[in-house]
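Chemist: Sharing a model that was predicted from the sequence below.
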Amino acid sequence: MTIGALARAAGVATSTVRYYERAGLLRPSARSAGNYRLYSAADLQRLRFIRAGQATGFTLEDITYLLRPASCHRVQQLIEDRLGTVEARMKELRHVRRVLRQSLDQCREHEESGRCEVVADLSSRAKHA
C-alpha cells in the first residue's frame, strides 16, 4: 500500500508516517517503479504498535526499545519508570486542580467588587518572583 493508504488504515496523517520514518521507527517495505513508498501489512501492524505505545504513555525512545527483542525484566523496568512519571504528573495535576478551584471560588466571592483578586494575587507574586 502507498503512504496515503497506510496512513488512512492507521488513522494518522501522512506527515506522521514520514516523521516515524525520520525517527527510524518505520521504513517502507519497498519502492514502486515511480519511487513511491510501499508498505506491507506488517508495516501497518508496526505503525499501530507505535501509536498504541504512545497512547499508553511510552516515549518514542521507549517504543524504539520495545520494537527490538526485549527481556521481560527490561520491559517491566520501562513500565515502572513510566508509571512513576505518570504518578508524579498526576500529583502535580491534582495540585493545579486544587489551586484552580480555590482561584475560582475566590473569583466568585469577589466578583461583585469589580476587582479580580486572582489577577491581583498573580500580579503580586510576579513582582516578588
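Modeler: Right, received. Where do you want to start?
Chemist: tell me which element the residue lying closest to residue 116 once chain neighbours are set aside falls in.
Modeler: Distances taken as CB to CB, 6 or more residues apart in numbering put residue 107 closest to residue 116, at 6.2 Å, once the chain neighbours are dropped. All C-beta atoms are positioned from the backbone trio N, CA, C, and that covers glycine. Under the criterion of DSSP states H and E, residue 107 resides in helix 72-109.
Chemist: pLDDT value on the residue nearest to residue 116, please?
Modeler: What the model reports as pLDDT for residue 107 is 86.
Chemist: Check residue 62 too.
Modeler: Note on residue 62: pLDDT of 93.
Chemist: Please report the number of neighbouring residues for it.
Modeler: Other residues lying near residue 62 total 18 when counted by other CB atoms under 10 Å.
Chemist: Also the one 5 residues further on?
Modeler: Using other CB under 10 Å, the number of residues around residue 67 comes to 15.
Chemist: My guess is it contacts residue 25. True?
Modeler: Yes - look at residue 67 against residue 25 with CB atoms under 8 Å: they come within range, at 6.9 Å.
Chemist: Mutual contacts of those two, please.
Modeler: Taking CB atoms under 8 Å, 6 or more residues apart in numbering as the criterion, residue 67 and residue 25 both touch 46, 50.
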